[in-house]
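S.K.: Structure for this input, please:
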Amino acid sequence: MVTVAEMPAGFADKVLSAQSTFRSVMDAMARPGSVQRIHAVPGTPAPMMRGTAAIALTLFDHDTPVWLDKAMSATADVGKWLKFHTSAPVIADSAASAFALVGNPHDIPPLDRLALGSNEYPDRSTTLIMQVDSLHAGPAWELIGPGIDGAAVLQATVPANLFDRLAINAVLFPRGIDVVLVHDDAVVAIPRTTRLAAHGA
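M.R.: Have a look, this model is predicted:
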(Lines give C-alpha, C1' and ligand atoms only; values in the text may rest on other atoms or scores of the structure.)
Protein backbone atom coordinates (compact mmCIF):
# COMPACT_ATOMS: atom_id res chain seq x y z
CA MET A 1 0.00 0.00 0.00
CA VAL A 2 1.37 3.39 -1.01
CA THR A 3 1.62 6.45 1.18
CA VAL A 4 0.73 9.93 -0.05
CA ALA A 5 4.43 10.66 -0.55
CA GLU A 6 4.81 7.53 -2.69
CA MET A 7 1.64 8.07 -4.69
CA PRO A 8 2.11 8.13 -8.49
CA ALA A 9 1.90 11.61 -9.94
CA GLY A 10 -0.83 12.93 -12.19
CA PHE A 11 -0.37 14.98 -15.35
CA ALA A 12 2.87 16.95 -15.57
CA ASP A 13 0.95 19.72 -17.40
CA LYS A 14 -2.60 19.50 -16.12
CA VAL A 15 -4.28 21.87 -18.55
CA LEU A 16 -2.68 20.77 -21.82
CA SER A 17 -2.76 17.07 -20.95
CA ALA A 18 -6.41 17.19 -19.88
CA GLN A 19 -7.35 19.08 -23.05
CA SER A 20 -5.54 16.54 -25.21
CA THR A 21 -7.11 13.58 -23.41
CA PHE A 22 -10.57 15.13 -23.63
CA ARG A 23 -10.21 15.61 -27.38
CA SER A 24 -9.09 11.99 -27.83
CA VAL A 25 -12.02 10.64 -25.80
CA MET A 26 -14.47 12.84 -27.73
CA ASP A 27 -12.93 11.69 -31.04
CA ALA A 28 -13.37 8.09 -29.88
CA MET A 29 -17.02 8.75 -29.03
CA ALA A 30 -17.61 10.51 -32.34
CA ARG A 31 -15.99 7.65 -34.32
CA PRO A 32 -17.07 4.45 -32.56
CA GLY A 33 -14.69 1.54 -33.04
CA SER A 34 -11.71 3.73 -33.95
CA VAL A 35 -8.57 3.41 -31.83
CA GLN A 36 -7.46 6.73 -30.37
CA ARG A 37 -4.24 7.47 -28.51
CA ILE A 38 -4.46 9.59 -25.40
CA HIS A 39 -1.98 11.59 -23.35
CA ALA A 40 -0.73 8.93 -20.95
CA VAL A 41 0.09 9.42 -17.30
CA PRO A 42 3.69 8.42 -16.46
CA GLY A 43 2.87 6.44 -13.31
CA THR A 44 -0.32 4.78 -12.10
CA PRO A 45 -1.33 2.59 -9.17
CA ALA A 46 -1.64 -1.08 -10.16
CA PRO A 47 -3.70 -2.38 -11.84
CA MET A 48 -4.79 0.91 -13.42
CA MET A 49 -3.52 1.41 -16.98
CA ARG A 50 -2.07 4.73 -18.09
CA GLY A 51 -5.02 5.47 -20.35
CA THR A 52 -7.53 4.83 -17.59
CA ALA A 53 -5.62 7.18 -15.30
CA ALA A 54 -5.59 9.91 -17.95
CA ILE A 55 -9.36 9.60 -18.42
CA ALA A 56 -9.86 9.78 -14.67
CA LEU A 57 -7.72 12.91 -14.36
CA THR A 58 -9.67 14.52 -17.19
CA LEU A 59 -13.29 13.55 -16.48
CA PHE A 60 -13.59 12.72 -12.78
CA ASP A 61 -14.32 15.24 -10.02
CA HIS A 62 -16.11 15.47 -6.69
CA ASP A 63 -19.49 15.20 -8.45
CA THR A 64 -18.71 11.93 -10.28
CA PRO A 65 -19.07 8.90 -7.99
CA VAL A 66 -16.91 5.99 -9.14
CA TRP A 67 -17.46 2.25 -8.69
CA LEU A 68 -14.47 -0.14 -8.81
CA ASP A 69 -14.56 -3.84 -9.66
CA LYS A 70 -12.70 -6.41 -7.56
CA ALA A 71 -9.49 -6.03 -9.58
CA MET A 72 -9.45 -2.26 -9.14
CA SER A 73 -10.32 -2.45 -5.45
CA ALA A 74 -8.00 -5.36 -4.56
CA THR A 75 -5.92 -2.84 -2.61
CA ALA A 76 -6.75 0.68 -1.44
CA ASP A 77 -4.21 2.21 -3.84
CA VAL A 78 -6.53 2.99 -6.77
CA GLY A 79 -9.18 4.51 -4.54
CA LYS A 80 -6.60 6.62 -2.70
CA TRP A 81 -5.08 7.80 -5.99
CA LEU A 82 -8.49 8.78 -7.37
CA LYS A 83 -9.42 10.68 -4.21
CA PHE A 84 -6.06 12.47 -4.06
CA HIS A 85 -5.95 13.51 -7.73
CA THR A 86 -9.64 13.91 -8.65
CA SER A 87 -11.67 14.12 -5.40
CA ALA A 88 -14.08 11.61 -6.95
CA PRO A 89 -15.90 9.56 -4.30
CA VAL A 90 -15.45 5.80 -4.59
CA ILE A 91 -18.78 4.14 -3.84
CA ALA A 92 -20.01 0.58 -3.29
CA ASP A 93 -23.34 0.99 -5.12
CA SER A 94 -22.73 0.56 -8.85
CA ALA A 95 -26.25 1.82 -9.62
CA ALA A 96 -25.30 5.25 -8.28
CA SER A 97 -22.02 5.55 -10.19
CA ALA A 98 -21.16 8.05 -12.90
CA PHE A 99 -18.21 5.88 -13.91
CA ALA A 100 -17.42 2.21 -13.38
CA LEU A 101 -13.77 1.13 -13.63
CA VAL A 102 -13.31 -2.50 -14.60
CA GLY A 103 -9.85 -4.04 -14.43
CA ASN A 104 -11.06 -7.57 -15.16
CA PRO A 105 -13.31 -7.77 -18.26
CA HIS A 106 -14.71 -11.05 -16.98
CA ASP A 107 -15.98 -9.40 -13.80
CA ILE A 108 -18.43 -6.90 -15.30
CA PRO A 109 -21.56 -6.44 -13.20
CA PRO A 110 -24.93 -7.04 -14.86
CA LEU A 111 -25.64 -3.89 -16.83
CA ASP A 112 -28.95 -3.37 -15.06
CA ARG A 113 -26.93 -2.88 -11.86
CA LEU A 114 -25.39 0.27 -13.35
CA ALA A 115 -27.10 3.65 -13.66
CA LEU A 116 -29.09 3.65 -16.89
CA GLY A 117 -30.26 7.28 -16.80
CA SER A 118 -33.82 8.36 -17.43
CA ASN A 119 -35.74 9.56 -20.47
CA GLU A 120 -35.56 13.10 -19.05
CA TYR A 121 -31.89 12.83 -18.03
CA PRO A 122 -30.24 10.13 -20.16
CA ASP A 123 -26.82 11.58 -19.28
CA ARG A 124 -27.26 10.42 -15.69
CA SER A 125 -26.00 6.98 -16.56
CA THR A 126 -22.82 5.06 -15.85
CA THR A 127 -19.94 5.20 -18.31
CA LEU A 128 -18.21 1.83 -18.20
CA ILE A 129 -14.42 2.11 -18.54
CA MET A 130 -12.98 -1.34 -19.08
CA GLN A 131 -9.33 -2.34 -19.39
CA VAL A 132 -8.54 -5.04 -21.94
CA ASP A 133 -5.44 -6.94 -23.03
CA SER A 134 -5.68 -5.86 -26.66
CA LEU A 135 -7.59 -3.59 -29.02
CA HIS A 136 -6.24 -5.41 -32.06
CA ALA A 137 -6.87 -9.07 -31.23
CA GLY A 138 -9.74 -11.23 -30.05
CA PRO A 139 -13.27 -11.67 -31.38
CA ALA A 140 -14.20 -9.40 -34.30
CA TRP A 141 -17.37 -7.34 -34.10
CA GLU A 142 -19.12 -5.20 -36.68
CA LEU A 143 -20.26 -1.78 -35.52
CA ILE A 144 -22.90 0.38 -37.17
CA GLY A 145 -24.51 3.65 -36.16
CA PRO A 146 -23.84 7.40 -35.96
CA GLY A 147 -20.24 8.37 -36.63
CA ILE A 148 -19.52 5.21 -38.67
CA ASP A 149 -19.32 5.28 -42.47
CA GLY A 150 -21.16 2.09 -43.34
CA ALA A 151 -19.69 -0.31 -40.82
CA ALA A 152 -16.55 -0.60 -38.71
CA VAL A 153 -14.82 -3.73 -37.44
CA LEU A 154 -13.44 -3.90 -33.92
CA GLN A 155 -11.25 -6.62 -32.46
CA ALA A 156 -10.75 -6.60 -28.71
CA THR A 157 -10.09 -9.12 -25.98
CA VAL A 158 -13.42 -8.80 -24.21
CA PRO A 159 -15.83 -11.50 -23.03
CA ALA A 160 -17.72 -12.90 -26.01
CA ASN A 161 -21.06 -12.00 -24.45
CA LEU A 162 -20.27 -8.35 -23.69
CA PHE A 163 -21.55 -6.96 -26.94
CA ASP A 164 -24.59 -9.23 -26.77
CA ARG A 165 -25.32 -7.71 -23.38
CA LEU A 166 -24.96 -4.22 -24.85
CA ALA A 167 -27.95 -4.95 -27.09
CA ILE A 168 -29.96 -3.63 -24.14
CA ASN A 169 -29.01 -0.13 -25.33
CA ALA A 170 -31.28 -0.45 -28.38
CA VAL A 171 -34.24 -1.20 -26.10
CA LEU A 172 -33.44 1.47 -23.53
CA PHE A 173 -32.48 4.38 -25.81
CA PRO A 174 -32.09 7.28 -25.04
CA ARG A 175 -31.09 5.65 -21.76
CA GLY A 176 -28.22 3.19 -21.74
CA ILE A 177 -24.56 2.51 -21.08
CA ASP A 178 -21.61 4.06 -22.90
CA VAL A 179 -18.44 1.94 -22.93
CA VAL A 180 -14.79 2.95 -23.24
CA LEU A 181 -12.27 0.16 -23.77
CA VAL A 182 -8.71 0.92 -22.69
CA HIS A 183 -5.42 -0.79 -23.45
CA ASP A 184 -2.33 1.03 -22.17
CA ASP A 185 -2.61 4.50 -23.79
CA ALA A 186 -5.19 3.59 -26.45
CA VAL A 187 -8.98 3.83 -26.21
CA VAL A 188 -12.01 2.74 -28.20
CA ALA A 189 -15.49 4.04 -27.47
CA ILE A 190 -18.77 2.22 -27.95
CA PRO A 191 -21.54 4.76 -27.36
CA ARG A 192 -25.08 3.63 -26.62
CA THR A 193 -26.08 4.61 -30.17
CA THR A 194 -23.78 1.94 -31.66
CA ARG A 195 -25.19 -1.43 -32.65
CA LEU A 196 -22.96 -4.51 -32.71
CA ALA A 197 -22.99 -7.92 -34.31
CA ALA A 198 -20.41 -10.70 -34.69
CA HIS A 199 -18.36 -9.88 -37.79
CA GLY A 200 -19.49 -11.98 -40.72
CA ALA A 201 -22.70 -13.04 -38.99
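S.K.: Name all residues that make contact with the residue nearest the centre of the chain.
M.R.: By Cα atoms, centre = their mean, the chain has its centre lying nearest to Ile129, at 1.7 Å. Contact analysis of Ile129 by Cβ atoms under 8 Å, 6 or more residues apart in numbering lists Thr52, Ile55, Phe99, Ala100, Leu101, Val102, Val179, Val180, Val182. The C-beta positions use only the backbone N, C-alpha and C, and glycine is treated the same way.
S.K.: For my notes, please list those residues in a markdown table and give neighbour count for each entry.
M.R.: As requested, these are exported to a markdown table (neighbours: other Cβ atoms under 10 Å):
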| residue | neighbour count |
| --- | --- |
| Thr52 | 27 |
| Ile55 | 24 |
| Phe99 | 22 |
| Ala100 | 25 |
| Leu101 | 28 |
| Val102 | 24 |
| Val179 | 26 |
| Val180 | 23 |
| Val182 | 25 |
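S.K.: Helix, strand or coil: sort out the residue nearest to the centre of the chain for me.
M.R.: What DSSP: H, G, I helix; E, B strand; the rest coil gives for Ile129 is strand.
S.K.: the longest helix in this protein is where?
M.R.: Longest helix in the chain by number of residues (criterion: DSSP state H): helix 14-30.
S.K.: Go ahead and measure how far the host helix or strand of Val153 is from the middle of the chain.
M.R.: Per DSSP states H and E, Val153 falls inside strand 152-155. Strand 152-155 has its average C-alpha position 17 Å from the chain's average C-alpha position, going by Cα atoms, centre = their mean, to the nearest Å.
S.K.: Contacts for whichever helix or strand comes after that strand, please.
M.R.: Note on strand 152-155: by DSSP H and E, the next helix or strand toward the C-terminus is helix 162-165. Contact with helix 162-165 is made by Pro105, Ile108, Leu111, Trp141, Ile190, Leu196, Ala197, as judged by Cβ under 8 Å, 6+ apart.
S.K.: Now, these that are in strands?
M.R.: The strands, defined by DSSP state E, take in Trp141, Ile190, Leu196, Ala197 from the contacts of helix 162-165.
S.K.: and the two most separated of those?
M.R.: Ile190 and Ala197 (12.8 Å; Cβ to Cβ).
S.K.: For the strand holding Val153, which outside residues touch it?
M.R.: Under the criterion Cβ under 8 Å, 6+ apart, residues 32-34, 134-144, 188, 190, 199 lie in contact with strand 152-155.
S.K.: what's the closest residue to Ile190 other than its chain neighbours in contact with, if anything?
M.R.: Leaving aside its chain neighbours, Ile190 sits nearest to Val179 (4.3 Å; criterion: Cβ to Cβ, 6 or more residues apart in numbering). Val179 makes contact with Thr127, Leu128, Ile129, Met130, Leu166, Ala189, Ile190, Pro191 under the criterion Cβ under 8 Å, 6+ apart.
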